[in-house]
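**Q** Quick one, structure for this:
(2 chains)
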Amino acid sequence: MKTNQTANFIGEPINRVDGVLKVTGQARYAAEHTSTMPQTPLVGFLVASTSAVGEISHLDTSQAEKAEGVQAVITHKNAGPLKAFGKPDDEGRFTQSRAVLSDTHIRHYGMPVALVIAQTLEQARYAGSLVEFNIDAQPAQLLHKANQASDVPESLDGGFEPDVETGDKPSTYSDGFAVDVQYTTPSQISAAMEPHATIAHFDGEKLTVYPSVQIIASAVQALATTLEMDAENIHVKSPFIGGGFGSKLGLHYDAILACIGARYLKRPVKIALSRRHVFYNSPHRGHSFQHMQLSCDNQGKFQSIAHHSAMPKAKGYPFAEATGAGARVTYSAEYIKSTHRVKNADTPLIDSTRSPGDAIGSLAFESAVDELANKANIDPLTFRLNNMPKVHPVNGNRFTSHKLESCLRRGAEVFGWQRKSSAQPGKVIGHGVASAMRMNVLVESSAEVSMDEKGKITVLTDMTDIGTGTYTILAQIAADTFNTSVDNITVNLGDSQSPASSGSGGSFGASSTGSAVLKACEAVKSKLLSLLPKNYQNAQLAVTEQGVCVRQSHADSPQDTPLASLVDSSVFPIRELGAVSEDDTSDDEQYSCGAHFVEVEVDTLTAEVRLKRQYGMFSAGKILNEKTAKSQIKGGMVWGAGYALTEAIHHHTDSASFINPDFGEYHIAVNRDIAEVAVDFIDLPDFEASPVGAKGIGELGITGAGAAIANAIFDATGVRVRDFPITVDKVLEGLSKKAS
Amino acid sequence: MSTLKGPTLKGPTLKGPTASSQPKDGPSPTCMSINGVSYALPNDPRTTLLDFLHQNLALFGTKKGCDHGQCGACTVLVEGERINACLVFAFQLRGKAITTIEGIAKNDELNPLQSAFVKRDAFQCGYCTSGQICSSVALQKELADKTPSAVTFSENYSAREDISERMSGNLCRCGAYPNIVDAIEDVIALEPQ
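**A** Numbers count the residues shown, from 1 in each chain, chains lettered A, B, ... in the order given. The predicted model follows:
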């Protein structure tokens, strides 16, 4: 029998397998699972605190309870058993209690004071306005200046040490060049397009929850802890997630409130946060002060890299980001020092926002590197290439693979580093470059793969697809193993009854769960081959229109023999588990690398900055699907544009609220802000990093992307703005100073 | 490459919500038509078109991203023109014909824009996609009608910039913008000029 060659392989740029569902509006997100409920869910609307810190001293829900359609008004008085927020202390932050409405204490502005549940959203929202409350407020503690951050964080995200110092501090800079500068980055928020939302339902003791969450297994545990329930009784499903970017790693108040409401009323309850509620009831990234003292010799070799980061940390919540990670690993230097200090602040939750540490660390560090190159009068690309590390600059460990230099060199060639477009009258053109280094980790993950007698393959894992393309790449990994089309593969994600996975986050999802799926596929294949006569032991399996075949290599062409003629059909379904752990990854240093190149045009009269081109060359091990990987990286680069030019949460310091908690005033990049964005990969597997050879890409695209824009603006105008984002007013001020 | 001519200054026609624009074969005065099916208007005057789709009809293809007309995720077509479904009360649409993402594909055949979005990977999480596609459908008509955009007043603008400008009311946090413009360009290129 001749072979059918329509197999989909790992890496191929195939369309998303869930693409049609998404373009036809059929993909179901959290708040949309109403028809699977035994009754139409009631709708909850939260009443939010107007103070940042204090105690609820007065609460009157009587008018709200009388309002049309209202089923219940829930407050700390009737919310039922809840473990206190943040307990137990020894749990990780995603499995600790996320309690809300558990006592009178208010920890931050916008925190729920009451939950109104009614038949419709209109009723609940109106009744919410009838809840009367008073809070005995105390002044909020916030971080205003760098020197107010004096606490050493207990841990940094990514497992980095808060402080490192290596080499001998140079005593004098007389022989070279130095910069001593402070950069600031503002508070930012993930702002996924799908606001956090949950539907919850109790059937007796059994709780079913549809939240929008990136990691399923820890969500189950967080609910069990918070609601003081047995985890066995909790079923969490999250098949489609409308973006996460870190803001949905753990569960938030929408999930807890929906469960509290469902428990109280014994009816399904749905809570979809309003956009403004999302700003206060989901995590954001704190603002940063980054002080850098960099020096190089007169040949442009780094002598000293010192990076000091000061940021707020949300009081009672253990998260601080490693802003200095890039300063520790990107370039070799005689002396490297990196320190992190935080101040406990009365703010909404501060937690992971896309590429914690590096997204804002690279904004500042890669800008300062450019300042030094400029001072030394060395081309910024050449300066970077002069300082490539052979081993990890701080600990001397080897990299499993390190392609930063190749990314910079090849990227510069494709981009045309030396070739600037000609400027229109009244405009100036600039080029900018920045390096990207993002730590790679493999996280414990598991998946089950089964095959039925017709060759239909099913992948089961509680892994999520937050837009990253997980459905597609897992189907490709299975299709690759079994020499078949992705059409033969069914991937079921986001269900807590499936084997526990890494979930999506920290750029570890594809490599960790992809490797688990690969191992499960190989186990199924081995099991099948072990059932065959000895002369078939080195054969391949192929699933074709004829069903499962055993494929043997012959001189001219492969020959397929139907499996049914070799084994009894009673062996099906074959079901195997695959799992990865830290044993499957190297102890050496693992990084994804990249180089960003940007061309901007700046209007010399209005100071308007327009992006012309963003280009990036990246190395992240094996690329599992070229199409979805490019999209994800491009998305990171678009975030970089927002971080460089427009995004900032503005704090109202008296009330500790946000001045601009909506899309009208928190400016993420829009279509017209972005011009040409192109990406290439150095596609080489790194099997030391993961069995599937892949490394992380989700955070790589944003790392360095904004700095390349900042550097291009400097190249165009000579204006260096150290206070992100680089808005028109700041560029204009710089242009005016230069002119005067 | 499509050739986009300068503005003819024919803006969108603004009609009052109660205008007697009821089509002859259209829905009755107390109804609106959604994807060709007639639905009675909701009783609650506070109900927006978006909440009507979700709460009353369980049509969830149209997404709520902000509820304030700031993100475009809820973009639908009313008589072929795009609007934010969160910014209009259901009762204002008496007698109007509305198309949502569920009505964009005809007889199980994807609209060319839907196919192009899949091919160009013009989305990731998919949450803004319904709105992006409804906007692009309306955009085609705007181009055909020579409705101006903010860039059509400048001397030199490309077709790509014009598409990008016209799609700027639809936010995408996954950052699929370049791929969205690619998808729309592909479809426009297929059309007879």
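
**Q** C-alpha from now on. contacts and neighbour counts both.
**A** Fine.

**Q** where does chain B have low pLDDT?
**A** Counting by pLDDT under 70, chain B contains low-confidence ranges at B:1-29, B:193.

**Q** who are the neighbours in contact with the closest residue to chain B within chain A?
**A** Nearest to chain B in chain A, going by CA to the nearest CA, is residue A:467, at a distance of 3.4 Å. By CA atoms under 8 Å, 6 or more residues apart in numbering or on different chains, the contact set of residue A:467 is A:241, A:242, A:243, B:123, B:124, B:125, B:126, B:174.

**Q** what residues does the stretch 501-650 of chain A put near chain B?
**A** Within the stretch 501-650 of chain A, the positions lying close to chain B (CA under 8 Å from any CA of the partner chain) are A:627, A:628, A:631, A:632, A:634, A:635, A:636, A:637, A:638, A:639.

**Q** out of those, who has the most neighbours?
**A** The most crowded member of those, judged by other CA atoms under 10 Å in any protein chain shown, is residue A:638 (32 neighbours).

**Q** what's the offset of the helix or strand encompassing that residue from the middle of its chain?
**A** Element membership for residue A:638 (DSSP states H and E) is helix A:626-645. Relative to the chain's own centre, helix A:626-645 is displaced by 12 Å; criterion: CA atoms, centre = their mean, to the nearest Å.

**Q** which helices and strands does the following helix or strand past that helix pack with?
**A** Going down the chain from helix A:626-645, the next helix or strand is strand A:651-652, by DSSP H and E. Here strand A:651-652 touches strand A:657-658, going by 3 or more CA pairs under 8 Å, 6 or more residues apart in numbering or on different chains; DSSP states H and E.

**Q** How about residues contacting the strand it packs on?
**A** Against strand A:657-658 from outside (CA under 8 Å, 6+ apart): A:52, A:109, A:110, A:649, A:650, A:651, A:652.

**Q** picking up where we left off before, including pLDDT and distance to residue A:199, could the residues of the stretch 501-650 of chain A next to chain B go into JSON lines?
**A** JSON lines is the format used below for these (pLDDT from 0 to 100; distance: CA to CA, whole Å):
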{"residue": "A:627", "pLDDT": "98", "distance to residue A:199": "33"}
{"residue": "A:628", "pLDDT": "98", "distance to residue A:199": "30"}
{"residue": "A:631", "pLDDT": "98", "distance to residue A:199": "30"}
{"residue": "A:632", "pLDDT": "98", "distance to residue A:199": "29"}
{"residue": "A:634", "pLDDT": "98", "distance to residue A:199": "32"}
{"residue": "A:635", "pLDDT": "98", "distance to residue A:199": "29"}
{"residue": "A:636", "pLDDT": "98", "distance to residue A:199": "30"}
{"residue": "A:637", "pLDDT": "98", "distance to residue A:199": "33"}
{"residue": "A:638", "pLDDT": "98", "distance to residue A:199": "32"}
{"residue": "A:639", "pLDDT": "98", "distance to residue A:199": "30"}
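
**Q** so what's residue A:675 closest to, chain neighbours aside?
**A** Spatial nearest neighbour of residue A:675, chain neighbours left out: residue A:612 (5.5 Å); criterion: CA to CA, 6 or more residues apart in numbering or on different chains.

**Q** got a list of what that neighbour touches?
**A** For residue A:612, counting by CA under 8 Å, 6+ apart, the contacting residues are A:598, A:599, A:600, A:601, A:674, A:675, A:676.

**Q** One more: residue A:554?
**A** Neighbours of residue A:554 in contact, by CA under 8 Å, 6+ apart: none.

**Q** again, but for residue A:644
**A** A:363, A:706, A:707, A:709, A:710, A:724, A:725, A:726.

**Q** element containing residue A:179, please.
**A** strand A:176-185.

**Q** Now intersect the contacts of residue A:467 with the strands, please.
**A** If you go by DSSP state E, the contacts of residue A:467 have nothing in strands.

**Q** Show me which of the residues you listed is closest to residue A:542.
**A** Within the contacts of residue A:467, the smallest distance to residue A:542 is 30.5 Å, found for residue B:124 (CA to CA).

**Q** measure the closest residue to the closest one other than its chain neighbours to residue B:98 for me?
**A** Distances taken as CA to CA, 6+ apart place residue A:467 nearest to residue B:124, at 4.1 Å, with adjacent residues excluded. Distance of residue A:467 to residue B:98, computed by CA to CA, to the nearest Å: 29 Å.

**Q** coming back round to it: just name the closest of the residues of the stretch 501-650 of chain A next to chain B to residue A:579, please.
**A** Distance to residue A:579, by CA to CA, is smallest for residue A:628 among these, at 24.2 Å.

**Q** these two touch, right, that closest one and residue A:471?
**A** No: the pair residue A:628 / residue A:471 is not scored as a contact, 10.9 Å apart, by CA atoms under 8 Å.

**Q** Residue nearest the middle of chain A, spatially speaking?
**A** residue A:245 (3.5 Å; CA atoms, centre = their mean).

**Q** Pull out the buried positions in stretch A:725-740.
**A** For stretch A:725-740, the neighbour count (16 or more other CA atoms under 10 Å in any protein chain shown) marks A:725, A:726, A:727, A:728, A:730, A:731, A:732, A:734, A:735 as buried.

**Q** for the fifth one, phi and psi?
**A** Put plainly, it is residue A:730. phi -70, psi -40 (degrees, to the nearest 10).

**Q** And for the nearest residue to it once chain neighbours are set aside, the neighbour number?
**A** Distance criterion CA to CA, 6+ apart; nearest residue to residue A:730, sequence neighbours excluded, is residue A:721 at 6.8 Å. Neighbourhood size, residue A:721 [other CA under 10 Å]: 20.

**Q** now the angle from the host helix or strand of residue A:734 to helix A:626-645?
**A** Assigned by DSSP H and E, residue A:734 falls within helix A:728-739. Helix A:728-739 runs at 60 degrees relative to helix A:626-645, counting by axes from the mean of the first three to the mean of the last three CA atoms, to 10 degrees.

**Q** Would you mind putting the CA coordinates of helix A:728-739 into CSV?
**A** Only the C-alpha atoms of helix A:728-739 are listed here, as CSV (Å, rounded to 0.1, in the frame of the first residue of the first chain):
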residue,chain,number,x,y,z
VAL,A,728,4.8,63.6,22.6
ASP,A,729,5.1,66.2,25.4
LYS,A,730,8.4,64.7,26.5
VAL,A,731,9.9,64.5,23.1
LEU,A,732,8.7,68.0,22.4
GLU,A,733,10.4,69.3,25.5
GLY,A,734,13.6,67.6,24.5
LEU,A,735,13.4,69.1,21.0
SER,A,736,12.8,72.5,22.5
LYS,A,737,15.8,72.2,24.8
LYS,A,738,18.0,71.2,22.0
ALA,A,739,16.9,74.1,19.9
